[in-house]
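Chemist: Could you work out the structure for the sequence below:
(one chain, ligands or ions: 1)
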Amino acid sequence: SLTEDDKAAVLSLWGKISNNPEAIGAEVLHRLLSCFPQTRIYFSHFDLSRASAHIRAHGAKIMGVIGEAVQHMDNLDDTLSWLGDLHAYTLKVDPGNFRLFTLCILCVLAAHFQADFTPEVHAAWEKFLTSIAAVLISKYR
Ligand code: ZNH
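Modeler: Predicted structure coming up:
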C-alpha cells in the first residue's frame, strides 16, 4: 500500500497535472486507443480522432475521478466503489485493460513532466494507479 512518502509524491505531481487535467486525460485516452487498438471496441460510439470532443470530455471525466482519488488515497475502496460497479456490470470492460490504461498515464506523465517525474514519483504513481485499478477490478469477482 501507499507509504506517506508515496502519498506526498502523488500529491506533488497532481498539483501540476491539475493545472490542465483535460489535456492530460485526452492524451492518455488517445494513447490507449492508439497503442492498444483492442480498447477501441468500448468506444465505438466515439469520434476517436485525436482531441475530438468525445476524447476530451471523456479524458476530463477520467482525470476528475483520479483527482478525487488523490483526495481520498486512504479510502479508495469507498471512493471508487460506484466506478467499479459501472465498469464490471454495465460497461463490462475486460479487466486486463486497466493495466494498459496505467501504462498510458505513466507514459504521458513522463512526457509532460520530465523533471518532476523522478523514479520516486514514478514508483508512487505506479502504486497509486495500480491501487485504483485494483478497486475497479475487485467488482469482477
Ligand atoms: Zn472508464 C466511463 C473512469 C479505465 C472504458 N470511466 C468512465 C467514467 C469514468 C471512468 C469517470 C464516466 C462515468 C460516468 O458516467 O460518470 N475508467 C475510469 C478510470 C479508469 C478507467 C479512472 C482507470 C483507472 N475505462 C477504463 C478502461 C476502459 C474504460 C481501461 C476500456 C478500455 N469507461 C470506459 C467506457 C466508459 C467509461 C466505455 C463509458 C464512456 C461513455 O461515455 O459512453
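
Chemist: wait, isn't residue 27 in contact with residue 59?
Modeler: Yes - assessed by Cβ atoms under 8 Å, residue 27 is found in contact with residue 59 at 7.3 Å. In this view, the C-beta of every residue, glycine as well, is placed from N, C-alpha and C.

Chemist: how about the residues of the chain near the ligand?
Modeler: 39, 42-43, 58, 61-62, 65-66, 83, 86-87, 91, 93, 97-98, 101, 132-133 (Cβ under 6 Å from any ligand atom).

Chemist: Quick one, which of those are buried?
Modeler: By neighbour count, with 16 or more other Cβ atoms under 10 Å, these hold 39, 42, 58, 62, 66, 83, 87, 93, 97-98, 101, 132-133 as buried.

Chemist: Secondary structure and pLDDT added to those residues, as a markdown table?
Modeler: Formatted as a markdown table, these follow (DSSP: H, G, I helix; E, B strand; the rest coil; pLDDT from 0 to 100):
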| residue | secondary structure | pLDDT |
| --- | --- | --- |
| 39 | helix | 97 |
| 42 | helix | 97 |
| 58 | helix | 97 |
| 62 | helix | 97 |
| 66 | helix | 98 |
| 83 | helix | 96 |
| 87 | helix | 94 |
| 93 | coil | 94 |
| 97 | helix | 97 |
| 98 | helix | 96 |
| 101 | helix | 98 |
| 132 | helix | 97 |
| 133 | helix | 96 |
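
Chemist: can you give me how far stretch 25-36 is from the chain middle?
Modeler: 11 Å (Cα atoms, centre = their mean, to the nearest Å).

Chemist: if you average pLDDT over it, what comes out?
Modeler: In this model, stretch 25-36 has a mean pLDDT of 97.
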